[in-house]
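[1] pasting the structure only:
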């Protein structure tokens with residue numbers, strides 16, 4: 001029965017409105033709120049005002065006319081300080097936020113009168129916060145306390161120097177956000193910069209008129225070389241390149257591990273299997289049939305990982321440098337390592353025939369492929385061989401070489417037999433099976449792009465990946481059993497909204513997706529198997545990927561949805577991931593394995609702060625790597641403007657179509673204003689743009705032919721012209737589906753004079769942050 005609010009009854013409080021929205025199992029609208037609180041038509045204006053303020057603060061999530069509870073933030077988070085409110089309080093928002101969740105929640109910062117060193121934040125800073133939800137009448141959804149200022153507001157700009165014939169020059173910023181905002185550089189401030197140089201510029205105090213000015217701080221190289229292109233990303237994202245002198249001194253003073261305090265595994269024929277161009281070899285494997293009669297058909301599997309914790313002790317200069325970096329960053333021409341080369345490429349590289357310290361796990365695998373038992377050991381090992389994936393696979397396929405020939409029977413065949421065994425359990429577990437080929441850029445000797453290839457995925461890759469996953473699970477189980485804090489690798493299940501959107505999309509393909517009951521990766525795999533071999537296979541794979549959450553690090557466990565595992569931690573790559581180093585230290589402490597243990601002072605709270613920091617470092621690395629690839633390929637295609645290419649629509653937005661080229665994997669934009677003489681409306685359910693008169697549809701996954709219109713190497717941007725005709729849609733969009741602005745403009749004016757909306761990047765890497773070796777998700 002509909003409630004009625006009498007004249008003396010108070011208007012519902014914000015608290016009551018938010019409580020009602022949060023209590024609902026599905027999205028609600030103003031109609032449901034009005035019915036709940038007995039509001040009349042005259043109350044709607046006030047209600048909409050309150051809802052708008054709550055949405056802008058991030059207290060509720062608003063999509064269209066529907067409202068729901070927003071995704072909760074973790075207790076420790078990295079945030080950007082964006083502004084001050086009318087009371088002078090600093091307001092921050094999450095550094096990483098999925099825009100499909102609605103407005104990012106606001107966080108009001110609490111600043112003590114005398115902030116501890118390193119916590120005095122200001123507008124423009126990036127900070128690590130501990131937050132709590134706000135209750136009561138507040139425009140912010142959370143209240144936060146600064147743990148640490150991670151990055152202060154920038155007063156330096158990166159760009160390309162262009163000479164002015166009258167003297168001095170101008171800086172053309174490389175950051176898309178600053179595109180068009182040039183800086184004047186006086187002759188006395190150019191610092192020897194030449195036309196086309198990549199430079200770093202300090203901003204100078206403005207004069208109140210003319211262009212803002214700057215002084216050249218550093219010349220970073222010329223854009224005529226690929227090296228400068230990767231430097232753009234390194235400097236744009238503040239990725240540290242040089243190690244502090246104390247860290248280098250510690251690395252230089254380090255000596256090889258000895259047998260003292262270790263088990264002797266030098267006679268175990270462990271081998272490393274890596275990409276051909278790998279510089280660090282931090283994991284080795286060995287398998288043999290289990291001689292135990294009670295485990296007939298089972299295997300003993302050994303995974304040995306470089307003992308980085310022996311050299312990088314808690315609180316040391318090396319430790320501080322590693323935490324600052326968080327992980328190694330991989331560009332086509334270089335690696336920016338987490339640890340100095342003396343550690344990563346020498347003492348912790350499991351080189352053939354050389355004794356090396358390692359933290360190893362011995363696992364007993366049953367004939368059903370399940371892990372029955374495991375134990376961790378601190379060992380001294382000696383690699384029997386250094387192999388690459390193609391080399392190992394060729395030997396198994398009947399084409400051994402001089403290195404793999406003698407290893408085939410005693411080492412490689414037992415490894416592949418063990419993999420065939422564990423694959424049974426893996427298939428039964430049914431992790432998410434996305435088919436998304438990865439491309440690799442090959443460079444010429446001068447550092448420019450030679451070609452782009454898609455390496456074949458082999459059983460050798462899958463073997464190493466599955467063995468690493470087993471080792472990672474064993475590490476998480478051991479630390480949980482010992483009740484020690486640790487950093488988990490977690491991957492949340494898709495949000496109800498994304499599941500609903502996927503369900504609606506699959507309906508357009510006459511495919512069903514069960515929304516009821518517990519969500520499992522097998523549901524997604526069923527859809528992927530059903531579409532395999534059909535034209536829509538790439539489209540469905542892409543949409544399923546976009547429905548997934550993004551993997552991250554956390555001190556509190558909520559499982560790994562993509563791998564379908566209850567507990568999971570990264571253990572297998574401490575050379576290049578700080579999370580793995582923390583797990584190694586935890587195992588050393590839990591099992592009493594000697595020096596380098598996790599300090600007693602580490603708690604779930606302190607590791608939560610570390611997890612937030614390294615998750616951000618991981619995002620930073622992924623973005624820098626992606627931007628460098630974009631710039632490299634734009635540089636590669638710059639002299640092919642006017643050429644035609646085959647591609648596939650990889651993204652559909654209101655701004656236009658994104659197309660991925662078939663041969664290079666390059667992404668570019670087709671602005672919506674260039675699609676034709678009619679209006680195109682965005683159909684979210686079908687991931688398509690549809691012509692308002694013709695009904696012509698351009699849909700995610702469609703194969704198209706395009707012409708390259710513009711290539712901007714500095715920004716890494718490509719612009720295309722669509723040459724293919726749209727496919728007929730089953731129904732034309734009604735005028736109701738168009739915006740008020742579109743309905744107001746005559747058809748003759750369609751496509752003319754429309755401003756090109758700002759190019760928006762699509763999200764990537766939601767399912768797993770794949771390692772450079774394909775090891776450990």
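    Yep, that arrived. Not measured: the values here are computed from a predicted model.

[2] can we go C-alpha only for contacts and neighbour counts from here?
    Noted.

[3] now residue 47, nearest residue through space, not along the chain?
    Leaving aside its sequence neighbours, residue 47 sits nearest to residue 30 (Cα to Cα, 6 or more residues apart in numbering; 7.9 Å).

[4] For stretch 669-678, could you pull out the residues that count as buried?
    Residues of stretch 669-678 classed as buried by neighbour count (16 or more other Cα atoms under 10 Å): 669, 670, 671, 672, 673, 674, 675, 678.

[5] Likewise for stretch 329-336?
    329, 330, 331, 332, 336.

[6] so how far is residue 636 from the residue nearest to residue 47?
    53 Å (Cα to Cα, to the nearest Å).

[7] likewise residue 624?
    Distance from residue 624 to residue 636, by Cα to Cα: 18 Å.

[8] So for the two, which sits in the more crowded spot?
    Ranked by neighbour count (other Cα atoms under 10 Å), residue 624 and residue 636 place residue 624 first, with 25 against 17.

[9] which non-adjacent residue is nearest the more buried one?
    residue 233 is the one closest to residue 624 (Cα to Cα, 6+ apart), at 5.1 Å.

[10] hang on, isn't that neighbour packed against residue 628?
    Yes. Contact criterion Cα atoms under 8 Å: residue 233 and residue 628 qualify, at 6.2 Å.

[11] and residue 635, what helix or strand is that in?
    helix 604-637 (DSSP states H and E).

[12] no no, residue 272
    Per DSSP H and E: residue 272 is located in strand 271-274.

[13] what is the mean pLDDT for that strand?
    Averaging pLDDT along strand 271-274 gives 97.

[14] Just the residues contacting it, thanks.
    Residues from elsewhere that reach strand 271-274 (Cα atoms under 8 Å, 6 or more residues apart in numbering): 281, 283-286, 350, 383-389, 392, 464, 773.

[15] which parts of the following helix or strand past it are buried?
    Counting by DSSP H and E, the next helix or strand C-terminal to strand 271-274 is strand 283-289. Going by neighbour count (16+ other Cα under 10 Å), the buried part of strand 283-289 is 283, 284, 285, 286, 287, 288, 289.

[16] How about stretch 480-499?
    In stretch 480-499, counting by 16+ other Cα under 10 Å, buried: 484-494, 498-499.

[17] ok, now stretch 268-282?
    Neighbour counts over stretch 268-282 (16+ other Cα under 10 Å) mark 269, 270, 271, 272, 273, 274, 275, 280, 281, 282 as buried.

[18] Just give me the closest of those to residue 460.
    For these, the closest approach to residue 460 (Cα to Cα) belongs to residue 273, at 8.1 Å.

[19] Return the subset of the buried residues of stretch 329-336 lying in strands.
    329, 330, 336 (DSSP state E).

[20] what would the residues you listed look like in a markdown table with pLDDT and distance to residue 568?
    Formatted as a markdown table, these follow (pLDDT from 0 to 100; distance: Cα to Cα, whole Å):
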| residue | pLDDT | distance to residue 568 |
| --- | --- | --- |
| 329 | 95 | 23 |
| 330 | 93 | 24 |
| 336 | 94 | 27 |
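
[21] quick one: the helices in the stretch 451-600 of the chain?
    In the stretch 451-600 of the chain, the helices defined using DSSP state H, counting those that start in this stretch lie at 459-481, 496-507, 521-531, 537-546, 578-591.

[22] of all these, which lies closest to residue 124?
    Across the helices of the stretch 451-600 of the chain, residue 124 has its closest neighbour in helix 578-591 (26.8 Å, Cα to Cα).

[23] so for the closest one, what's the average pLDDT?
    Rounded mean pLDDT across helix 578-591 is 98.

[24] Ok, stretch 40-49 next?
    Per-residue scores along stretch 40-49 average to 79.

[25] residues of that stretch that come out buried?
    residue 47.

[26] and it, how far out from the chain's middle?
    Chain-centre distance of stretch 40-49: 42 Å, with Cα atoms, centre = their mean, to the nearest Å.

[27] first vs last residue of that stretch, how far apart are they?
    15 Å.

[28] Identify the residue nearest residue 547 in space, chain neighbours excluded?
    Among residues not flanking residue 547 along the chain, residue 498 sits closest, at 5.3 Å (Cα to Cα, 6+ apart).
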